[in-house]
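Enquirer: Next comes the sequence, and after it the predicted model I'd like to discuss.
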Amino acid sequence: MPQPTPPQALSPERVPEPVRALLERLAGDGHPSVLVGGCVRDLVERRPVRDFDVATPAPVERVLELFPRAIPIGLRHGTVMIPTAAGPVDVTRFRSGPELADDLAHRDFTLNALAWSPGSALLDEHGGLADLAAGRLRAVGDPDARLSEDPLRALRAARLVAERGFHPDEPLEAAMAQAAPFLRAVAGERLRAELERVLLGAHAGRGLQLLERTGIQRELAPGVSEHAVSIVEALPRRRDERLAGWLIGTPVRRILARLRFSNATVTRLSRILDAHPAHLRTHAHRPPAVRRLLHRFEPDDVELLLTLAAAEAEARELPEAAAQVIALREAIEDVRADESLALQRGDLALDGSEIMRLLGVGPGPEVGEALRYLTDCVLDDPAENDPDRLRAKLSAWANSKP
């Protein structure tokens, strides 16, 4: 085990006053408590802190008595959330024993095993400051034991690599590979939260490569392309774009459902990836094909399709595909510039009421079928969007039906 780094001072002024007051109130009640984990790490590095975590020996019941506005969010783990002017503060009873040392010994990574309280020096019993200075990600104690306590820590390691560019040491990476199969038992919501941060990290490619090397990627998303890292890195840092780029060629609907993405996200990305790269087939930039594309997809989805295709062409060094994307984008602009086009049923020169009158039917599936047929005719040739022409088309279509 490495020698502990000498404790360093952490200026109290860098800790928001409401958080200091919370710690002082716990201490004044006989429960000396500490800031712990990522918030301390970020304070040391003078980075913005999103969430504050406090470890305390106080029972949950006493914390709720001291802070009437506290909200129990994880009583099974002894956690309550206390709203403050500086943001929410999660207060958790010491893990694995009555002492702070027991709690720190069971933290995930050394750079998250830092602790601080008002009037005290920064506590670093596991060499976290040295690892932080070296950009090294290392488990506290036995990495297999730490990851077995919560397999999600394996994915969290990749998230820290993706967000911060840390380098995992060999024992941790080996433990991640051992922990990969146990991620199957982790709730999809927890996996999704970490994965989204991996994909949006400033070093997303490095995090995804780590997932691939350790076998975690196969557990989360079987069938990910060998080009996925390059595609993701070529995409803007937006969730749906990067998620789609990572999942090209996979059973996307099953993967997204397992990770508990919303139904809207599952539906959107499934439709987009079903169409990718079919929308770049030969003659895709010709007006009829463009009109069909604009009829099928919302404007934001069309843009995602184009962005995804351009990123894949760049990542795989496919100049012909890149040229097709440019041609398709120009063709889309031309078609959109023609305001006379009917791209949706509501733009047709005949409405549903007149179609029912002409067919002599009431509301039902036959009307929808007729609307789809007429819309298809107009997408092929916008000049057909004339009441008389559409009536003739409708009559011929009706007479052709058995």
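Expert: Done, it's in.
Enquirer: Every contact and neighbour count from this point should use C-alpha atoms.
Expert: OK.
Enquirer: Let's verify the residue lying closest to Asp42 once chain neighbours are set aside: helix, strand, or coil?
Expert: Spatial nearest neighbour of Asp42, excluding adjacent residues (CA to CA, 6 or more residues apart in numbering): Val49 at 6.2 Å. For Val49, the secondary-structure state derived from DSSP: H, G, I helix; E, B strand; the rest coil is coil.
Enquirer: Then Thr92?
Expert: Reducing the assignment to helix, strand or coil with three-state DSSP, the entry for Thr92 is strand.
Enquirer: residue contacts, it?
Expert: Contacts for Thr92 were tallied using CA atoms under 8 Å, 6 or more residues apart in numbering; they are 53-56, 60, 77-80.
Enquirer: who does it bridge with?
Expert: When bridges are assigned using DSSP bridges, the partners listed for Thr92 are Ala55, Thr79.
Enquirer: so what's it scoring on pLDDT?
Expert: For Thr92, the model assigns a pLDDT of 96.
Enquirer: what kind of secondary structure is Leu35 in?
Expert: strand.
Enquirer: if I look at the closest residue to it other than its chain neighbours, how far off is Phe67?
Expert: Ranked by CA to CA, 6+ apart and with sequence neighbours excluded, the top spatial neighbour of Leu35 is Val54, at 4.5 Å. Plainly put, Val54 is 14 Å away from Phe67 if you go by CA to CA, to the nearest Å.
Enquirer: Give me the more crowded residue out of the two.
Expert: For Val54 and Phe67, the more surrounded residue by other CA atoms under 10 Å is Val54, and the numbers stand at 24 against 16.
Enquirer: Flag every buried residue along stretch 125-135.
Expert: 125-132, 135 (16 or more other CA atoms under 10 Å).
Enquirer: mind giving me the domain ranges of this protein?
Expert: Under automatic domain parsing, the residue ranges defining each domain of the chain are 1-134, 135-220, 224-338, 346-400.
Enquirer: which of those domains sits most buried?
Expert: Neighbour counts averaged per stretch over those are highest for domain 135-220, at a mean of 20; criterion: mean count of other CA atoms under 10 Å.
Enquirer: First-to-last residue distance for it?
Expert: Domain 135-220 has an end-to-end distance of 26 Å (criterion: CA to CA).
Enquirer: Give me the distance from it to the chain's centre.
Expert: The chain centre lies 15 Å from the centre of domain 135-220; the measure is CA atoms, centre = their mean, to the nearest Å.
Enquirer: Give me the average confidence score over it.
Expert: Domain 135-220 shows an average pLDDT of 97 in the prediction.
Enquirer: Start the count at 2 instead of 1 going forward.
Expert: OK, 2 is where the count begins now, so the last one is domain 136-221.
Enquirer: circling back to that earlier point, quick one: contacts for the residue nearest to Leu36?
Expert: The neighbours of Val55, taking CA under 8 Å, 6+ apart as the test, are 24, 34-37, 90-93.
Enquirer: who's in contact with the helix or strand hosting Val233?
Expert: Using DSSP states H and E, Val233 sits within helix 229-234. Under the criterion CA under 8 Å, 6+ apart, residues 200, 205-206, 209-210, 243-244, 246-249, 312-313, 315-317 lie in contact with helix 229-234.
Enquirer: again, but for stretch 22-37
Expert: Outside stretch 22-37, the residues that touch it by CA under 8 Å, 6+ apart are 53-59, 64, 67, 113-119.
Enquirer: can you check stretch 194-201 too?
Expert: Applying CA under 8 Å, 6+ apart, the contact partners of stretch 194-201 are 156-157, 159-161, 163-164, 205, 208-209, 233, 238-240, 243-244.
Enquirer: Can you list phi and psi of Asp275 for me?
Expert: For Asp275, the backbone dihedrals are phi -60, psi -30 (criterion: degrees, to the nearest 10).
Enquirer: now it: how far from Leu351?
Expert: Distance from Asp275 to Leu351, counting by CA to CA: 32 Å.
Enquirer: Kindly report the same for Arg63.
Expert: With the distance defined as CA to CA, Arg63 ends up 71 Å from Leu351.
Enquirer: Would you confirm that Val45 contacts Pro13?
Expert: No. In this structure, Val45 is not within contact of Pro13 by CA atoms under 8 Å, at 11.3 Å.
Enquirer: would you list every one of the strands in the protein?
Expert: With DSSP state E as the definition, the chain shows strands at residue ranges 35-37, 53-57, 72-75, 80-83, 90-94, 115-117, 124-125, 137-138, 168-169.
Enquirer: Let me have those strands in CSV, extended by distance to Ser401.
Expert: Output for the strands of the chain, formatted as CSV (distance: least, CA to CA, whole Å):
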stretch, distance to Ser401
strand 35-37, 75
strand 53-57, 70
strand 72-75, 64
strand 80-83, 68
strand 90-94, 69
strand 115-117, 78
strand 124-125, 82
strand 137-138, 70
strand 168-169, 68
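Enquirer: Pick out the shakiest of these, pLDDT-wise.
Expert: Among the strands of the chain, strand 72-75 has the lowest mean pLDDT, at a mean of 89.
Enquirer: Would you agree Leu112 is in contact with Cys40?
Expert: No. With contact defined as CA under 8 Å, Leu112 and Cys40 do not form a contacting pair (10.3 Å).
Enquirer: so Arg137 makes contact with Pro169?
Expert: Yes. Under the criterion of CA under 8 Å, Arg137 lies in contact with Pro169, with a separation of 5.9 Å.
Enquirer: quick one: average confidence on stretch 238-254?
Expert: Over the span of stretch 238-254, the pLDDT mean works out to 97.
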